[in-house]
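# could you work out the structure for the sequence below:
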Amino acid sequence: SAYRWLGVQGRVALNPFDGLRAPQAPQPLPTALGVDDAVQLASYAPEAAADPVLEARDRAMVELLYGAGLRASELTSLDVQASGQADGWVDLQSAEIHVLGKGGKRRSTPLGKAAAEALRAWLALRGQIAAPGEAALFVGARGHRVAGSTLRAMLSARAVAAGSPAHVHPHMLRHSFASHLLQSS
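This next block holds a predicted model:
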């Protein structure tokens, strides 16, 4: 920039640094949970759940975040049934999750056995708190679509209760999913 300024001032005819770019600082790899920590978090079940319905919901959400590598927004936008208005849905018969990802791109991801079991347990109880006509797969205590902030707070509290060593957030489970998938070939 000094030579550029000198050129504008007419003090130098040639900028020896013209066309050179400063080196980029390396980007750190995203933080991921270890396999044991991720499994411990996914299988965590409190001894005495304050609300068994919300506990079933929370377990299903953690299983889908880690087991399918979903983004938080993809998880919270899932609907119970496929429809023209649905951004995403789960097809239990074919064991697939259909989501609308970044850039409006549709993709399908497999649904693992543990996630399918947790989801079935949640669906059996969902009607107890879901508002009439609510399309959302995951609903909060008031019966409407769960918010991203609720998801983050639940996951953080659940990780602490499960004894996870790091501050856990939804995207960390996505990174863990990808890392563990690569490690297992």
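# residue contacts, the nearest residue to G88 once chain neighbours are set aside?
Spatial nearest neighbour of G88, chain neighbours left out: V99 (3.9 Å); criterion: Cβ to Cβ, 6 or more residues apart in numbering. Yep, even glycine has a C-beta here, placed from its N, CA and C like the rest. With contact set as Cβ atoms under 8 Å, 6 or more residues apart in numbering, V99 has these partners: L70, E74, S77, L78, D87, G88, R106, R107, S108, T109.
# what strand or helix carries the second one?
Here E74 is covered by helix 72-76, with elements defined by DSSP states H and E.
# if we can go back for a sec, and the residue nearest to G88, how far is that from W122?
Computed as Cβ to Cβ, to the nearest Å, the V99 to W122 distance reads 17 Å.
# still on that earlier bit, just how off-centre is whichever helix or strand comes after the helix holding E74 within its chain?
Next along the chain after helix 72-76, taking DSSP H and E as the criterion, comes strand 78-79. The chain centroid and the centroid of strand 78-79 are separated by 14 Å under Cα atoms, centre = their mean, to the nearest Å.
# which residues touch the lengthiest helix in the chain?
The single longest helix within the chain, with elements called by DSSP state H, is helix 52-68. Residues outside helix 52-68 that contact it (Cβ under 8 Å, 6+ apart): 38, 41-42, 44-46, 49, 70, 72, 75, 78, 97, 109-112, 114-115, 118-119, 121-122, 124-126, 128-129, 138-139, 141, 146, 151, 154-155, 158, 170, 173-174, 176-177.
# how far away from the center of its chain is it?
12 Å.
# could I get the full set of helices for this structure?
Taking DSSP H, the helices of the chain run over residues 2-9, 35-42, 52-68, 72-76, 113-126, 148-162, 170-183.
# now those helices in TSV, with mean neighbour count?
Formatted as TSV, the helices of the chain follow (neighbours: other Cβ atoms under 10 Å):
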stretch	mean neighbour count
helix 2-9	11
helix 35-42	17
helix 52-68	23
helix 72-76	21
helix 113-126	18
helix 148-162	16
helix 170-183	18
